[in-house]
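# Let's see this in three dimensions:
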Amino acid sequence: MTALCSLALITVAGCGVPTQDRPEPLSVPVPERTGTADPTLGAQEVQVWFVRDDRLEPVFRPVTPADPRTALDALVAGPTTVEVDGGLSTALTPEPLRTSGPSEEDPTVTVSVTRGFSGLVGGGQQLAVAQVVWTVTQFPGVDGVRFTGDGQALEVPTDDGLTAGPVGRDDYPSITPEPTPPPAEGPPSATSPPAVTSPSRRRPG
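Below you'll find the predicted structure:
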């Protein structure tokens, strides 16, 4: 055993590595985590409204906290690649929308838009406005949306023409989402498994 230790010391010294009288602790860096944290952890689901065949259609997005600002951020981010492949689109430009309100005195949310938004024309602007209106008015206490640009009231299109006042869902009956048909009822199949009743989960909208 002594001979082996002497041989090891001679080999190390021959490689130019200095010997030490006593061991010293080594600082080993901790490897970085390759995984990412779940961004939806603790998030709530809200509806954002995109476009299919000139009508609005909702999808759900996880946000934290669930309020008009975060919902509009999710809306402006646009549909996913899978949703686009499935036929969804958006009339909004990918530019931020700032919000203020509502308050106890005024149940209206004011949305400040960019020049890209106010530069939309025709049916495109009406769809963009409706997307914002339906997304914002899903929250309790919000009755309408007022649009501003450069600090001034902005006229927006509705089914009845232009207005600079607050607008709501009732102002856009022509692009209201198609109603979801009820599931078809039929006689139960002998091979069908028994129905399982799960507690309902209320979603904003």
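# Now do whichever strand or helix holds residue 73: everything it contacts.
Using DSSP states H and E, residue 73 sits in helix 68-76. Contacts with helix 68-76, where a contact means C-beta atoms under 8 Å, 6 or more residues apart in numbering, come from 46-49, 61, 63-64, 90, 92, 94-99, 109, 111, 131-132, 135-136, 138-139, 142. The C-beta positions use only the backbone N, C-alpha and C, and glycine is treated the same way.
# Sketch out the low-pLDDT regions of this protein for me.
Low-confidence segments of the chain, defined by pLDDT under 70: 1-43, 118-119, 121-122, 180-205.
# By residue count, tell me the biggest helix in it.
Longest helix in the chain by number of residues (criterion: DSSP state H): helix 122-136.
# Mind giving me the packing neighbours of that one?
Under the contact criterion of 3 or more C-beta pairs under 8 Å, 6 or more residues apart in numbering; DSSP states H and E, helix 122-136 touches strand 44-52, strand 55-63, helix 68-76, strand 108-113, strand 144-149, strand 156-158.
# relative to strand 108-113, how tilted is the fifth one?
Using axes from the mean of the first three to the mean of the last three C-alpha atoms, to 10 degrees, the interaxial angle of strand 144-149 with respect to strand 108-113 works out to 30 degrees.
# Which SSE is immediately downstream of strand 144-149?
Once strand 144-149 ends, the next helix or strand along the chain (criterion: DSSP H and E) is strand 152-153.
# List the buried residues in stretch 59-77.
59, 61-63, 66-72, 74-76 (16 or more other C-beta atoms under 10 Å).
# could you flag which of the contacts of helix 68-76 are buried?
Of those, these count as buried by 16+ other C-beta under 10 Å: 46-49, 61, 63, 90, 92, 97, 99, 109, 111, 131-132, 135-136, 138-139, 142.
# Could you check what's spatially nearest to residue 158, not counting adjacent residues?
residue 171 (4.0 Å; C-beta to C-beta, 6 or more residues apart in numbering).
# for the one you found, what are its contacts?
Here residue 171 is in contact with 133, 158, 159, 160, 163 (criterion: C-beta under 8 Å, 6+ apart).
# Residue 123 now?
Residues in contact with residue 123, defined by C-beta under 8 Å, 6+ apart, are residue 54.
# How much space separates it from residue 167?
Per C-beta to C-beta, to the nearest Å, residue 123 is found 16 Å from residue 167.
# just residue 111 next, same as before
Distance, residue 111 to residue 167, by C-beta to C-beta: 10 Å.
# and if you look at residue 81?
In terms of C-beta to C-beta, residue 81 sits 31 Å off from residue 167.
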